[in-house]
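> can't give you the sequence, but here's the structure:
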């Protein structure tokens, strides 16, 4: 097993706790599914949110999925003029036999424009 990193992002339609929970759960589930991972493969997960999101902690969605023994942390993205609004990003450190080139980074909806080079 090697330590790898997998990225993902989703743009929310609105700053509402239930909506954030739903969208972050979808993103995290897609990251796990597309990389054939389970919660046991997670080492740690960083969540970031753009400064216009205030309704909840993105990490709460992971806890809601039953990911309870993995270190999670939330941080705020830089407030850059012209940046895509209402975005939650994930950087997960994982254990995987996949080579780096086969890691599936997941960018859902409008967030796919953030990283066209690696979005699946």
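Received the coordinates, thanks. Note that the structure is predicted; figures quoted are calculated from it, not measured.

> what's across from the residue nearest the centre of the chain in the sheet?
Geometric centre of the chain, nearest residue: residue 90, 2.7 Å, by C-alpha atoms, centre = their mean. Beta-bridge partners recorded for residue 90 (DSSP bridges): residue 8, residue 47.

> and the gap between it and residue 81?
24 Å (C-beta to C-beta, to the nearest Å). Just so you know, the C-beta spots here come from the backbone N, C-alpha and C atoms, and that holds for glycine as well.

> residues touching the closest residue to residue 73 other than its chain neighbours, list them.
Among residues not flanking residue 73 along the chain, residue 46 sits closest, at 5.7 Å (C-beta to C-beta, 6 or more residues apart in numbering). Contacts here follow C-beta atoms under 8 Å, 6 or more residues apart in numbering; on that basis residue 46 touches 73, 74, 75, 90, 91, 92.

> Swap in 10 Å and give it another go.
5, 7, 58-59, 71-75, 89-93 (C-beta atoms under 10 Å, 6 or more residues apart in numbering).

> Could you tell me which of those are located in helices?
residue 59 (DSSP state H).

> Go through the contacts of residue 46 and say which is closest to residue 35.
Nearest to residue 35 among the contacts of residue 46: residue 92, at 9.0 Å, using C-beta to C-beta.

> quick one: the closest one and residue 70 touch, right?
Yes - using C-beta atoms under 10 Å, residue 92 makes contact with residue 70 at a distance of 8.9 Å.

> who's more crowded, these two?
residue 92 (24 against 17; other C-beta atoms under 10 Å).
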